[in-house]
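1. Quick one, what's the 3D model for this:
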Amino acid sequence: MGTPSKTRNIGIFAHIDAGKTTVTERILFYTGRTHRMGDVDHGTTVMDWMPQERERGITIVSAATTCEWKSTRINIIDTPGHVDFTAEVERSLRVLDGGVGVFCAVGGVEPQTETVWRQAQKYSVPALAFVNKLDRQGADFHRVLQMMKDILGEIPLPVMLPVGQGSDFKGVIDVLEQKALYFDLESLGTKYSAEEIPEELKDEAAAALEKIKETVAELDDGAMERYFAGELENEEIISLIRRGTIERVFIPVLCGAALRNVGVQKLLDAIIQWLPAPEELPSVTGIKPNGKEETRERTSSEPFTALVFKIQTDVHLGRLAYLRVYSGTAKDGQPVFNNRTGKKERLTRLVMMHADKRIHLDSIAEGDIAAAGMKNAATGDTLTELGKPLTLETIHFVDPVMEMAIEPASTSDEKKLEDALNEFTSEDPSLKVGVDRETGQTLIRGMGELHLEIVVDRMKREKKLDVRTGRPQVSYRESVSSTGRGEDSFERLIAGKGNFGNACVEVRPYQSGVKFSSEADNLSNQFLDAVKNGVMGSVSAGVLAGYPLDGVEIVLVSAKVHETDSTELGYSSSAAIALRKALQNASPVIREPIMKVDIVTPVDYMGDVIGDVNSRRGTVVSIDSRGEAQAVVANIPLAELFGYTSTLRSLSQGRAGYTMQFSEYSRVPLNVQKKLLDKMGIKY
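-> Alright, predicted model coming up:
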């Protein structure tokens, strides 16, 4: 499919509405992948191919495509900007070699940009920044650079500057070439002219070039000497920018206006010049079945190693697993080993995807992103050559914070609903299915109202399933407010054989999640595992209202051993009951999801907006000016945010907007907890 050195695997990520999909559409047009430009507003984009995406003008699933620029193949994943689909971004970043962050010149570093940027930092993904929408009123290129420093903690390195901003925006300055570029709008930006920099911008352009030289010279002693001698050539500067980008020392910043076709070809040049080829990145390390680490070089001569980062059901090809190949090669139809299931599986129907279209492949090799028909693969699975097992680090997803009851309108459709939910949950790891313990209803759990709404919409359209749903509900958790102990002994004769187990368990408040540890040193590993299984098998339902546990540390303090009758059943059973006793003795409490809400509002409505935040048990974290508007960041319980969209519209005459993302689980105030339990008929 192409040599690794001539391949770039990149993602394009940004806050909702920063113009990310438009940038991708322009890239496809200029590289000859498409012959007309798609438009988000008219629902004609290639990358947003789902009907739900076209109607809402947002990206929901990360679409993969391939194009070519200057003899280099670029595999692109266009990721969603909406926080409800953050799992799509997480899995894409896990397998990418480089990224392009698109920033709105007016909004700057917005909340979802920050979230995704932190994910990119976690995976050490080298990145470029493209400041888009410079033609919009209120655009401020230098403010965006300052926000990148202050909020993201990055060192931005402007390699392009705008010629004018807002209604005065005319073109861009190539700082390295010291030329002003003006794009011909008649040819849709395919042609542009390089001219002298306008007099009033010459000093700024010269200072920017000096800044680049000074920054890159620090990477290399020889370059530093040449810089002081005034002998640092452009060729060396470009190569040092590449090195600094790959090492994440700084972020090259480009700029333009994608909708007006300005600056995108320069972005393509930068992707090839400065983002890494697969072979330039560190080797991949995984764990062998014996628990030892093994490293594999990113070459085709190493054993085949690939990570499944996405499952999607294709109308024509059935269930497809998207793969990122890290080493080795594999042919269409070749059997490979799935390290999670411990079984072999065949790579059938190998294809390269272009959004929802596909091109058949005979083989795949190191650096490729492709899809293959696979029945049993799941997101996060490692596939390797037979006899050469290795498990790479999997992909971690945030737990859902909202749930909704769902049932088929007709009882004859129960099996169809079950099959559809199985398919959707295998595609989307942040969607979970459970059962309400009291009513027996099926519950779907997701990242927000929009997430659940899309799932229900897909049921109706794709599966022709008529479903009834309850109101979305908050997914609460249970924790403890003090330390508590519980002990239990299990002694039972089963089929004539004695079964014994004893466990004393202590629970303590913990930051988040559930942690298990043991202070008992008289148990064999076999019985200790049984205790752990008994405890962890019980964390899905607390003692107060049956919500899953969160923010609890569980410690096995001591255990008694019987000479002849100790069994795994005895220890798992006694540990589960001891845990429940300990929870009851530790003043159980309910925790609720708190959302970080970013509200952008005209100044006139600030008082009303903040008053409303306070009435929702919210706390204001910060207030900043964003162009001519004000940005209010607040922490608000999810339970208080139902219907917030329409309230905010009416408070601001439709001029304010907001985005939210999960922040943490926090203890519910006692008066709210009492109301919750009263509603459930639980005396506390």
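2. which ones are touching Gly373?
-> For Gly373, the contacting residues are Leu317, Gly318, Arg319, Leu320, Ala321, Leu347, Thr348, Arg349, by C-beta atoms under 8 Å, 6 or more residues apart in numbering. For every residue, glycine as well, the C-beta is placed using N, CA and C.
3. Looking at those, which is nearest Val262?
-> Comparing those against Val262 with C-beta to C-beta picks out Leu320 as the nearest, at 36.5 Å.
4. Just say helix, strand or coil for that closest one.
-> Under the three-state scheme (DSSP: H, G, I helix; E, B strand; the rest coil), Leu320 adopts strand.
5. pretty sure it contacts Ile311?
-> Yes. Leu320 sits in contact with Ile311 when judged by C-beta atoms under 8 Å, with a separation of 7.2 Å.
6. Compare neighbour counts for the two and give me the winner.
-> Per other C-beta atoms under 10 Å, whichever of Leu320 and Ile311 has more neighbours is Leu320, with 24 against 21.
7. from the contacts of Gly373, which is closest to Val433?
-> The nearest one, if we look at the contacts of Gly373 relative to Val433 and count by C-beta to C-beta, is Arg319, at 17.7 Å.
8. Distance check, the closest one against Glu427.
-> 9 Å (C-beta to C-beta, to the nearest Å).
9. What of Met447?
-> Met447 is 14 Å from Glu427, by C-beta to C-beta.
10. between these two, which one's more packed in?
-> Neighbours per residue (other C-beta under 10 Å) separate Met447 from Glu427, with Met447 holding more: 24 against 17.
11. Phi first, then psi, for that one.
-> Met447 adopts backbone torsions of phi -90, psi 0, taken as degrees, to the nearest 10.
12. so what's the closest residue to Ala371 other than its chain neighbours up against?
-> Spatial nearest neighbour of Ala371, chain neighbours left out: Leu320 (4.3 Å); criterion: C-beta to C-beta, 6 or more residues apart in numbering. Shown in contact with Leu320 (C-beta under 8 Å, 6+ apart): Ile311, Gln312, Thr313, Asp314, Arg349, Val351, Ala371, Ala372, Gly373, Met374.
13. swap in Gln584?
-> Gln584 touches Gly484, Gly486, Val543, counting by C-beta under 8 Å, 6+ apart.
14. Same question for Pro278.
-> Pro278 touches Pro4, Thr7, Asn9, Asp97, Arg298, Tyr326, Glu366, Gly367, counting by C-beta under 8 Å, 6+ apart.
15. from these, which is closest to Gly496?
-> In terms of C-beta to C-beta, no member of the contacts of Pro278 lies closer to Gly496 than Tyr326, at 54.0 Å.
16. Can you check the distance spanned by stretch 127-147, start to finish?
-> 16 Å (C-alpha to C-alpha, to the nearest Å).
17. buried residues in that stretch?
-> 127-136, 138-141, 143-145, 147 (16 or more other C-beta atoms under 10 Å).
18. Which members of these occur in helices, if any?
-> Phe141, Arg143, Val144, Leu145, Met147 (DSSP state H).
19. so how far is Glu563 from the residue of the chain positioned farthest from its centre?
-> Largest separation from the mean C-alpha position in the chain: Gly496, at 53.6 Å (C-alpha atoms, centre = their mean). According to C-beta to C-beta, Gly496 and Glu563 sit 18 Å apart.
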